[in-house]
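# this one's structure only:
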Ligand code: MG
């Protein structure tokens, strides 16, 4: 359970995560954070980062929260999830200030390190032991496959791979997260550990 103050901040933060998904992320981070640091791909305004940061606090580790903070395709002007409150003085979508506000309010600045940039570029150079990766970045097939290929290999044995926005049918939602979950399960390296709403968490077997 989050403490009531963090719960309130999460509720007030723009984002696309249910409370049940947040609780599951927090518990998973508290557990897998004992194996290594936690990576978040796609932080947006920091809603999910609060839950991961809270779990990291319990495990005495860090969250590296990777996002270019320019918003995804669906956050741009004229698109479905465009939010005019998340635009900088140049008219560009910019979620970094809102993200920093969220983390500051949640008193998690000592646990959450913002990494501003492309997750694939960071993944190519990453060399630190990882306990858990949460993939919730670009939802195109190209981005999702790239994040999965680059980041799942960094997860320690018995560590966790969390993937958001799993939808069984194309009518219900984009199919890229489902595709990478199926690829992971078919590889034999991962098993489904827990799931709620559109969040699935896999455990590394070998
Ligand atoms: Mg998502």
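Structure received. Since the structure is predicted, the reported quantities are computational estimates derived from the model, not experimental observations.

# state which strand of the chain is the longest.
strand 155-163 (DSSP state E).

# elements contacting it?
helix 19-32, strand 130-135, helix 176-187, strand 199-204 (3 or more CB pairs under 8 Å, 6 or more residues apart in numbering; DSSP states H and E). C-beta: built from backbone N, CA, C; applies to glycine.

# double-check that residue 34 belongs to a strand.
No: with DSSP: H, G, I helix; E, B strand; the rest coil as the criterion, residue 34 is located in coil rather than a strand.

# residue contacts, it?
Neighbouring residues of residue 34 by CB atoms under 8 Å, 6 or more residues apart in numbering: 59, 61, 131.

# and the longest strand of the chain, how far out from the chain middle?
Offset of strand 155-163 from its chain centre (CA atoms, centre = their mean, to the nearest Å): 13 Å.

# what's the angle between it and helix 176-187?
Computed by axes from the mean of the first three to the mean of the last three CA atoms, to 10 degrees, the angle separating strand 155-163 from helix 176-187 equals 140 degrees.

# quick one on the thing from earlier: ranking the helices and strands packed on strand 155-163 by burial, who's on top?
Among the helices and strands packed on strand 155-163, strand 130-135 has the highest mean neighbour count (mean count of other CB atoms under 10 Å), at a mean of 27.

# following it, which helix or strand comes up?
helix 141-152 (DSSP states H and E).

# what are the contacting residues of that following helix?
Residues from elsewhere that reach helix 141-152, judged by CB under 8 Å, 6+ apart: 39, 41, 119-120, 123-124, 126, 130, 133, 135, 137-138, 161, 163, 175-177, 179-180, 183-184, 189-190.

# residue contacts, residue 37?
Contact analysis of residue 37 by CB under 8 Å, 6+ apart lists 56, 61, 62, 63, 64, 128, 129, 130, 131.

# tell me the pLDDT at the fifth one?
Per-residue pLDDT puts residue 64 at 98.

# flag every residue of this protein that's near the ion.
Contact residues (CB under 5 Å from the ion) of the chain with the ion: 16, 136, 164, 165.

# output the residues you listed in a markdown table; the columns should cover pLDDT.
Shown next, in a markdown table, are those (pLDDT from 0 to 100):
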| residue | pLDDT |
| --- | --- |
| 16 | 91 |
| 136 | 97 |
| 164 | 98 |
| 165 | 96 |
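
# which residues sit against stretch 87-98?
13-14, 43-46, 67, 69-71, 75-77, 82, 85-86, 114, 116.

# for it, buried residues please.
For stretch 87-98, a neighbour-count test (16 or more other CB atoms under 10 Å) marks 87, 93, 94, 95, 96, 98 as buried.

# now the last one, what's its secondary structure?
Think residue 98. Secondary structure, three-state DSSP: residue 98 is helix.

# measure it to residue 67 for me?
Between residue 98 and residue 67 the computed distance is 11 Å (CB to CB, to the nearest Å).

# repeat for residue 111
Noted for residue 111: a distance of 16 Å to residue 67, by CB to CB.

# and if you look at residue 178?
Distance, residue 178 to residue 67, using CB to CB: 22 Å.
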